[in-house]
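Undergrad: just a sequence and a predicted model for now, questions to come.
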Amino acid sequence: MFFKIQSNDTQSSARTGIIQTDHGCIETPIFMPVGTNGTVKGVHFKELEHDIKAQIILCNTYHLYLRAGINMLEGAGGLHKFNGWNKPILTDSGGYQVYSLAHARKITENGAIFKSFLDGSKHTFTPENVMDIQRSIGADIIMAFDECTPYPCEFAYARNSMEMTHRWLTRCKNRFIETEPKYGYKQFLFPIVQGSTYPELRKQSAEFVANQDFEANAIGGLSVGEPAEEMYAMTDIVTQILPKSKPRYMMGVGTPANILECIALGIDMFDCVMPTRNARNGGLFTSEGIINIRNEKWKYDYSPIDENLAGNSQEYSKAYLKHLLKHDEMLGCMIASVHNLQFYLWLVGEARTQIQNGTFTSWKNKMVEKVSRKL
């Protein structure tokens, strides 16, 4: 995978770059819409590409394995041909889903044994078969299998989990090396730094991951309930260690303010379900602040959702969107989802422009305050 840093901010660790994959280039910093089951809920791929301007989407190994099934995906020729998305795809390994199903799984040195949330059937994920599954799915970027620790987490548990994640990474790497892509294009494996909110563990994990010399590196186990200040502190520790010449991916983050602060710390890639999940419940992110469109104050507001954005979702008024969501019209969720994703991609695109222009830090400080306030 080719990665080139194009510009650096002089007052922070923010930078712009470009990642090249066989399915196209990704300009960083970038936000990846989450398409868990091979689709971004309520959003057509044409809207993703042309209105939202997504350059890469994230899909999930756990859900694709249980729902679509590997035979179906292989029969189609991989996920790109199955769902028709011709740009890059990243697949999460399923480690976070295993973490979130604490009541229905058992973690051992070999891997994770869990019950399907669909029918209760028993399955096992190991570092080896998760690599095999992601080879079959065919994403451009695949993630190592890890354990995501909860917050709060005792030091001993966090240390043991981190060390097991490192051992799993070695097994993932070995399996990845001894297998080949199935569909004629390259795949890249990203390792994941863990260590909960313990500085010494984060430092140790970042050093271990950096020494593995992968094409890029990821940070996991954050944005799981810890205060934002702790997330930023752990991110700062890790980005000081991970090589500057390689992309850095912050998993599962986050709010617009989180993203801006983490860009300043040197993060290049983000994903989060928040834009679409909040949209379906009437939560809108805008360049002026956060809107709960279900509130009565928007009933007679005929202005666009966000006058600073362009695109199809801005053709609708706040009053109309409130009307749709109040009466459970599917179109309301679709418009809100497109808007929120459009805003997130606008935000990282604007950050990119500000870094290039040498104005990122002052702009970021103003925007963090703006995007965090409730309107």
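TA: Arrived safely, thanks for sending.

Undergrad: C-alpha from now on. contacts and neighbour counts both.
TA: Fine.

Undergrad: next up, phi/psi of the nearest residue to E307 once chain neighbours are set aside, please.
TA: Ranked by CA to CA, 6 or more residues apart in numbering and with sequence neighbours excluded, the top spatial neighbour of E307 is Q314, at 7.3 Å. In this entry, Q314 is assigned phi and psi values of phi -90, psi 0 (degrees, to the nearest 10).

Undergrad: so Q314 makes contact with Y302?
TA: No - taking contacts as CA atoms under 8 Å, Q314 lies outside contact range of Y302: 11.3 Å.

Undergrad: and for the residue nearest to E307, the neighbour number?
TA: Neighbour count for Q314, taken as other CA atoms under 10 Å: 19.

Undergrad: residue contacts, it?
TA: Taking CA atoms under 8 Å, 6 or more residues apart in numbering as the contact definition, Q314 lies against P304, I305, D306, E307, H339.

Undergrad: quick one: name whatever helix or strand follows the lengthiest helix in the chain.
TA: Identified as the longest helix of the chain according to DSSP state H is helix 330-357. Remark: after helix 330-357, the chain's next helix or strand is helix 360-372, criterion DSSP states H and E.

Undergrad: contact partners of that next one?
TA: By CA under 8 Å, 6+ apart, the list of residues contacting helix 360-372 from outside reads 9, 11-12, 256-257, 260-261, 264, 285-290, 351, 354.

Undergrad: give me the buried entries from the residues you listed.
TA: Applying a neighbour-count criterion of 16 or more other CA atoms under 10 Å, the buried members of these are 9, 256-257, 260-261, 264, 285-290, 351, 354.

Undergrad: so of the residues you listed, which ones are in strands?
TA: F285, T286, G289, I290 (DSSP state E).

Undergrad: redo those residues as TSV? Include distance to N160 and pLDDT.
TA: Rendered in TSV, the data for those read as follows (distance: CA to CA, whole Å; pLDDT from 0 to 100):
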residue	distance to N160	pLDDT
F285	39	98
T286	41	97
G289	41	98
I290	40	98
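
Undergrad: which of the residues you listed sits closest to V209?
TA: The shortest approach to V209 among those belongs to F285, at 34.4 Å (CA to CA).

Undergrad: skipping adjacent residues, who's closest to that closest one in space?
TA: Taking CA to CA, 6+ apart, and ignoring the residues beside it in sequence, F285 has N340 as its nearest neighbour in space, at 5.8 Å.

Undergrad: max pairwise distance over the buried ones among the contacts of helix 360-372: which two?
TA: Farthest apart among the buried ones among the contacts of helix 360-372 by CA to CA are D9 and I290. That separation is 27.4 Å.

Undergrad: pipe the ones in strands among the buried ones among the contacts of helix 360-372 into JSON lines and attach distance to E178 per row.
TA: What follows is these, written out as JSON lines (distance: CA to CA, whole Å):
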{"residue": "F285", "distance to E178": "44"}
{"residue": "T286", "distance to E178": "47"}
{"residue": "G289", "distance to E178": "49"}
{"residue": "I290", "distance to E178": "48"}
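
Undergrad: give me the number of residues near Y249?
TA: Under the neighbour criterion other CA under 10 Å, Y249 is assigned a count of 24.

Undergrad: give me the pLDDT for it.
TA: At Y249, the predicted lDDT confidence score is 98.

Undergrad: next, it: phi, psi?
TA: Dihedral pair for Y249: phi -110, psi 120, per degrees, to the nearest 10.

Undergrad: on that earlier part again, which strands and helices sit next to the longest helix of the chain?
TA: Under the contact criterion of 3 or more CA pairs under 8 Å, 6 or more residues apart in numbering; DSSP states H and E, helix 330-357 touches strand 2-8, strand 15-21, strand 30-32, helix 256-264, helix 274-280, strand 283-286, helix 318-326, helix 360-372.
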